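Novice: What shape does this take:
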Amino acid sequence: MVGPAGKITSVARTHKLNLDGVEIVDAPHSDAAAAKAVELVKAGMGELLMKGSLHTDELMRAVTSSTTGLRTARRISHVFVMDVPTYAETLFITDAAINIFPDLDVKRDIVQNAIDLWTQTGLGTPRVAILSAVETVTSKIPSTIEAAALCKMADRGQITGGILDGPLAFDNAIDPEAARIKGIKSEVAGRAQILVVPDLEAGNMLAKNLIFLAHADAAGIVLGARVPVILTSRADSVRARMASCAVAVLYADARRRMAAVSAV
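Specialist: Numbering: from 1, shown residues only. Got it, this is the predicted structure:
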């Protein structure tokens, strides 16, 4: 735990929490705590990073710093991992928290990050729907052109590990009957497992609709940095925070195993 040691121990006493065996790294304020946590990860002292009570921008500023942060060649993006009671598949929604209006190159990284999370946590080969308002390509809706381009990038090996289709409207991405009525025949239509949204606003509204109206359970994780980042909201339930931790631990463990195999 990284932060003002006095505040941490005070909270623990108030809520009768046992911190035996928990290492506390003292930092005077939230910005310093974020910087110190990133420093510890870079030094090999941590395999994942979790946001506490500091603001998201404070943590992400430290993570994305070009000089001292945890950046890689891949663009950083966020994935909601969702269990929707009315849908048979595990559902990923990306990106609903980091990239506001991603261009084609950023969307390529967003898609690859989500596919890597899916495959490396042992879920198999994902069916990826690139969402728009319609399922036909039209110059009047730029996201349809980007969806088609992403699918062609997958055909040419610029995106790997998943089965892509798009543009697809939300209904024919997740409902087989809607896809049948529209005459859409693909491995993805009606059975999507990863939903790639056009922009952050669309993704944020879609994810929160599923959480608050469809009573979906959701975990959130940031990908594309040196380690997974657990980026929970102050409004998240304990269940959501625990689920986010579980996803991050699975992914960190998978990355450790891959690194060990590569080193052999």
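
Novice: Which residue ranges of this structure form strands?
Specialist: Counting by DSSP state E, the chain has strands at residues 2-3, 25-26, 49-50, 77-83, 91-94, 127-131, 163-168, 194-196, 217-223, 229-230.

Novice: What's the biggest helix in the chain, counting residues?
Specialist: helix 238-263 (DSSP state H).

Novice: just how off-centre is that one within its chain?
Specialist: 13 Å (CA atoms, centre = their mean, to the nearest Å).

Novice: before we move on, the earlier item: kindly reformat the strands of the chain as a markdown table containing distance to Val261.
Specialist: All C-beta atoms are positioned from the backbone trio N, CA, C, and that covers glycine. Below are the strands of the chain laid out as a markdown table (distance: least, CB to CB, whole Å):
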| stretch | distance to Val261 |
| --- | --- |
| strand 2-3 | 31 |
| strand 25-26 | 32 |
| strand 49-50 | 24 |
| strand 77-83 | 24 |
| strand 91-94 | 25 |
| strand 127-131 | 25 |
| strand 163-168 | 25 |
| strand 194-196 | 25 |
| strand 217-223 | 20 |
| strand 229-230 | 24 |
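
Novice: Report how many residues lie close to the closest residue to Thr121 other than its chain neighbours.
Specialist: Take Thr121 and drop its neighbours on the chain: the residue closest to it by CB to CB, 6 or more residues apart in numbering is Leu250, 4.7 Å away. Here the number of neighbours of Leu250 (other CB atoms under 10 Å) works out to 18.

Novice: How about Lys16?
Specialist: 6.

Novice: Same check on the one 3 residues further on?
Specialist: When neighbours are defined as other CB under 10 Å, Leu19 has 13 of them.

Novice: Please report the distance of it from Ala12.
Specialist: 5 Å (CB to CB, to the nearest Å).

Novice: center of the chain - which residue?
Specialist: Centroid-nearest residue in the chain: Val79, 1.9 Å away (criterion: CA atoms, centre = their mean).

Novice: Distance of the residue nearest to Thr121 relative to Ser66?
Specialist: The gap separating Leu250 from Ser66 is 29 Å, by CB to CB.
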